[in-house]
Every structure is written in structure tokens, then in C-alpha cells.
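Q: need the 3D shape of this:
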Amino acid sequence: MRHTLLAFVALSVMLGPARPSFDQSTSLAHVEVSRMSMACLYTIDAYARTNEPTLRATLESALDEVDRIDRLMSHYKPESPLSRINREAARHPVVVDPELFGFIKQSLKYSSETGGAFDITVGPLMKAWGFFRGEGHMTSEADLAKVIKRVGSRHVVLNEDKQTIRFDVEGVELDLGGIAKGYAVDRAVAILRANHVDAALVSAGGSTIYALGAPPERIGWNVSIQDPTDASKVAREVTLVNRALSVAGSSEKSFEANGTRYSHIMDPSTGRPVQGVLSVAVVTNTGTNGDALDDALFVLGPTKSAEYLERHPGAEALFFVPDSSRGWTLVDLQRQTGDLEALPFAPRHYIAFHASSPITIDGRLDDPSWKDAPWTETFVDIEGDRRPQPRFRTRAKMLWDDKWFYIVAEMEEPDVWGTLTRRDSIIFRDNDFEVFIDPDGDTHAYYELEVNALATPWDLMLIKPYRDGGPAIHAWDIAGLQAGVDVKGSLNRPGDRDEGWTIELALPWEILKEAQPNTRVPPRPGEQWRINFSRVEWQTEVRDGAYVKRTKPDSTDALAEDNWVWSPQGAVNMHMPERWGYVQFTEAPVSPSASFVDDLNERVKWALRRLYYRQRAYRTANGTYASTLDALNAADIRVEGIAFAPTMQTTASGYEITAPGFDRTIVHIISDGRVWVTRNP
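A: Residues are numbered from 1 along each chain as shown. Below is the predicted model of the structure:
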């Protein structure tokens, strides 16, 4: 059978070799129901060990739940609780139903985790561009400038004790359309599970679906993703079992003006429809996750989406981007990462000497302390030797004293420019320099700092890498941070040729222990921290007297940015701290005779990390972690200088693997990726 849905997904169960998924002696009822709700057609196709009237009643109750969510969360219905919030929250705090309050809180968390790419305050933008109850139209620059001031999750103030919501400016509007359909799908699935439905496909207009179990005689539900340029064709097929698929596309609601197509998916940072992506399909564990992520990743684009997907283990994002030769090209982010275990493990290292005299942070590097400090190796592409060498040289130096950790970077650049002036903007949208610091090397509780040529910082703390479910704390600031930039040439002046820019940073030691209170600051001589640097470089051209990002042929989509790093990551993902470089601190002034001392237990850590990669792959394939090391082929891993003899303990939801280290130590790694060393008594 085949179901043709309204938006992007055509569904079928005619895939895969036959395999009984039910006891064939048991009578099965098969019922399909549909209903218009939340402005789309909800469809449930289900099988259960019951009679047809009972199954039909269960499916209708699931659709009743969808209608309830619509009444609660619709911003089109004036009587809905969400509409009441939009009308009143700018005047006074509004007491909110616990379910709606929790859902809005969860939505704001998605906004924080994606750097604002997902934003439930885009309602005014949707109206400005004519997508509220319409197919869209152009808006004026003057109107857009007014509207964008009312957009941003920072305007939504929650009081958890009183369960109230208020807006801090007039005109803010919440629009849950980018996530509520997925939530409604999840609620419907919960009712089906509670009523012992064995297999079902729940679809919200084809934009978000959930595949519960597998239909009779099949290995799963086959889902055909529609060609974004030709509705009569299939672009990709996937098979789902207990997984959700969400699709966001530019053709769902769009208009064309002056030869450019504008979609309903807004970039909250610019206030404009996103250009250069045709559609994005996300496979993940729940409809809510998928519904939020498909819009967020659509805004971020393929390159910057990879690190956000890491927080959803096993998730996959399929990007369909314009291609002049065939209409579109598929970018599969899950496969793009490659075999991490097979990547060469050779982090770079550096000795940070004690500053011989005070340093003034102005970006000029004329303090005597910097004169003899060694430069790092010249930066390379983030993926390493398999990619071309960077077009422009980047290198860095480090020093320290009792109060500050100093970093300086020198970047060749013929055209120095910058646009972002507000702290905690998404700085990588400009050319920037980025710092990543993990004081104890356990790959958890680390810091990220990004700075552009205007010395505007974006600083954040990560409790865990995104791949391990760790949130980014954007509200955290490096209190006392000093940043100085010196431009060798001109800033934002097209037509001349600049030499480049240097950035000088001073990070106070005390702030670098906030995530790890037991960290010694300043570090003791000989201690090593895991650190890496990255430079984001966009290709630009001059248009109407200003720098603009170059675009792909026959597209308004910007060319992908370059990512150049000190210690190569091996993949387009800075949030793999195990691949950062090593910085060893010494209390002596600069000395050419100083030597870096290898920590032999880093070899054991890497061996355990390889098992961690294998466990992640095993879980993706089987839905659970391996319970034995034999299942991970642990015997094929060797460690130079010591016999690698790991042991593993497992629980229902995780594992810990340990192995003897050098000098009577034990090295540990657990399922969330944290690695550490203990000493045998």
C-alpha cells in the first residue's frame, strides 16, 4: 500500500525481505484513520492484536489528543492559551497551564542549544513576510528593522515558581508551529503504546512522522522522501522502526520575487527567509526532537549542523542543497563524519612559558614577553592532510602569569571585515578566531570562545560535548576577559589590500575553574591542558561597496566556510576534545632547551576512546550498548609500551570500561565519553 501525504513524505510498507513481526496464529486488526488538525492531515495506519472496532476507537482517541494539543498551542485560535499569552504577556505575567509552560521551556532550550537557529518568537517575522495565513510577500527594510527588535528568546521571561510567562517588550509573539506538530505526534504514539498497538505509522501531514514497531511480514516502515524539485520523484528512502522523521522544505510555503524564491523558514538572526537549502530531513528518537531540529538545521546549513547533531546519538540529517547540474545534491551529515577511530591520532603540543614582564592587551604584540615566545605550527584544514592547505597563514602563541592565560593569533587576510558587535552573537557568521579549553582533559566541562575582528566575543561553557547530550551554557561569560585586535590595513574598507589582523586575549585563571572547581589555577609547572584553536574564514566579494559572502553558482547560498585549526580534528567538528592539542605549562621564561613530556596514559585513553566509538556504532545499529568486549572486537586494539587489558561493567543504560595504565594507574571511560585516570593504592 502507499500513502501520499501533503508535504514531503510518501509512505509505504513495501520494502525489505519478509520477516514475521507478529505471531501469525494471532488475529490482527488493521485500521487507517485520518483527520484534519493543526492545519494539516493527520494519518494513523496501525496493526494490533484486537478487533477492528476497538483499534479504530484507540486511533480516534489518539487523534482526539492531537486536537487537544491544537486547542492548547495554536496561535491561530484566539481562544487558545497560547494566544492569550501572546495578547497579555507584554502587559503582565500570565499564569500558564503546566503542560504548556513545560513545553515552552523545552522549546526555549532548543533555541539555546542551537544558538538561536530554532526560535519560537518568529511570529512577527512570519507576519511581516506574509506567511501568517498566506503564501508570503516581500517586506520593506523599514518594517523588517522594526519587527526584528521583537524577535529572540531573550524576550521571554519564565517564572518556574509561579508558572508564569511575560514578555519584556511589546509585540513579542510565540509561534510553536515549528515544534508542536512533532509533540502532537509523540502524544498520539504514547496513547497507541498505552493501548497495546503493535505497529503504527503516525503522520502529521508528512512533515513529521513516527514509525512504531514494524508492520506484519516487514522489517520496518519504508519512508520515501520526496524530491525537493520534482514532487513526482523520490529523492531518498529510509526504513524506520521506533524512530521519527521530520522534514522541513523551502517549497512547502514560498513565493518568488525578482527571480529569487523565498521560503517560510526564517533565520531569526537576520529576519529573512533562509536561502540555499531546498529541504532537510532529520531522523531521530522523537517527533518533538525532529520537528525542532529540522528547522534549526535548515537555518544553520550543513557545515555548522554537524556539531548540533552530535547531541542526539544516532540521529541523521539529510540536506538537499541546490545543484545547477542536477537540481540538488544530497549531504548526509551522519556519514560525513566518517570512521573516527580510523583517523590518525597525532595531536600537536606546545610549551607555554611564564611571561617575563606585564602584557598590555591591544593586539599589537609589541610587549617584550611575546618576542621570544614560540609560534605554534601553521594552522591546517580541520580535516587534516586530506584537505587542501589554507589559503592564508594562521599561527598562535601562548604565555601565562599568576593571574592570566595569554593567547595571541596572527592571521593573514587581504580583506579584514566584521559585522557583529553584540556579545554572544553567533560570531562564526563573521570571520573569527576560536579557542577551546579543557583543563583536566576528561573531555567534559570545557570552554569555547569566539572573537571577530571587531573584538566581539561569544563565550560559552559546555558540560559535555554535544554528541554526549551536553548542553551549551550560552549565558556563561568569561568575566574579566580582555581582547584586543590590531588590523594591519583597514577594517570594512573594500578596494585596498590588507596584510591581516592579530588578536590578543587575556583569560583570568579564576574563571577557568568555574566548570571544574578542583582545577588548580594557575596550573602547576609540568601540567598539561587540552586546547585547540580554530579560524573560520568565509570567501567574500565586493558588491555595492561592501563585503558580501560569495555564493554557489546559480544559488543565493553562501559558499561553505573554511575551518582552519592548530591541531587537526580529522572531521568537521571541533567538539571532539579528545583530538585537541596538548599545552604544557612551565614556570620558566622562554627557553629553547625546554622539552615537552609525553603522558603515556594518553595512549591508553585513546585505546579506550576507540572502544567508545565502537559502542556508539553498536548502539546505533542495535538500540543498546554491547554487553561484552568481544562484541566490540577489543582484542584487536594494541597500546605501545603496555599490555592493553580492558574490562567492562554494564548497566541497563550505560557502561564503564577500565584498563591498567602506566605507573600503577587505572584509566576509565564511561558511556557519556568522560575519561579519567585513578591511581592504584
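Q: Thr360 - how many residues pack around it?
A: 12 (other CB atoms under 10 Å). C-betas here are computed from N, CA, C, even on glycine.
Q: with the one 3 residues further on instead?
A: A count of nearby residues for Gly363, using other CB under 10 Å, gives 22.
Q: how close does it get to Arg393?
A: Going from Gly363 to Arg393 by CB to CB, to the nearest Å gives 17 Å.
Q: for this structure, what are the low-confidence residue spans?
A: Scanning the chain for pLDDT under 70 picks out 1-26, 310-314, 334-339, 554-557, 620-621.
Q: domain parsing for it?
A: The chain breaks down by automatic domain parsing into domains covering 348-585, 601-679.
Q: Gly570 reaches Glu341, doesn't it?
A: No: taking contacts as CB atoms under 8 Å, Gly570 lies outside contact range of Glu341: 10.3 Å.
Q: which of the two has more neighbours?
A: Gly570 (22 against 15).
Q: what sits closest to the more buried one if chain neighbours are left out?
A: The shortest distance from Gly570 to any residue other than its chain neighbours is 3.5 Å, reached at Leu343 (CB to CB, 6 or more residues apart in numbering).
Q: identify the residues contacting that neighbour.
A: Going by CB atoms under 8 Å, 6 or more residues apart in numbering, Leu343 touches 384, 570-571, 579.
Q: ok, and the most crowded of these?
A: Highest neighbour count within the contacts of Leu343: Arg579, with 27 neighbours (other CB under 10 Å).
Q: how much space between that residue and Tyr613?
A: Using CB to CB, Arg579 is found at 12 Å from Tyr613.
Q: check Asn86 too.
A: From Asn86 across to Tyr613, the span is 46 Å (CB to CB).
Q: of all the contacts of Leu343, which comes closest to Met126?
A: Taking CB to CB as the measure, Ala571 is the one of the contacts of Leu343 closest to Met126, at 35.7 Å.
Q: what distance do you get for that closest one to Tyr613?
A: From Ala571 across to Tyr613, the span is 12 Å (CB to CB).
Q: mutual contacts of the two, please.
A: Joint contacts of Ala571 and Tyr613 (CB under 8 Å, 6+ apart) are Leu340.
Q: kindly reformat the contacts of Leu343 as CSV containing secondary structure and distance to Met461.
A: As requested, the contacts of Leu343 are exported to CSV (DSSP: H, G, I helix; E, B strand; the rest coil; distance: CB to CB, whole Å):
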residue, secondary structure, distance to Met461
Gly384, helix, 27
Gly570, coil, 24
Ala571, coil, 23
Arg579, helix, 20
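Q: nearest to Phe319, out of those residues: which one, please.
A: Closest approach to Phe319 among the contacts of Leu343 (CB to CB): Ala571, at 16.5 Å.
Q: do I have it right that Thr236 meets Leu318?
A: One correction, residue 236 is Arg, not Thr. Yes: counting by CB under 8 Å, Arg236 does reach Leu318; the two are 6.1 Å apart.
Q: more neighbours, the two?
A: Shown here are Arg236 and Leu318; by other CB under 10 Å, Leu318 has more neighbours (23 against 14).
Q: identify the residues contacting Gly363.
A: For Gly363, the contact set (CB under 8 Å, 6+ apart) comprises 455, 484-486, 501-504.
Q: no wait, Ala631
A: Ala631 makes contact with Tyr618, according to CB under 8 Å, 6+ apart.
Q: and it, that's in a helix?
A: Yes: membership of Ala631 in a helix is supported by DSSP: H, G, I helix; E, B strand; the rest coil.
Q: gap between it and Val241?
A: Noted for Ala631: a distance of 21 Å to Val241, by CB to CB.
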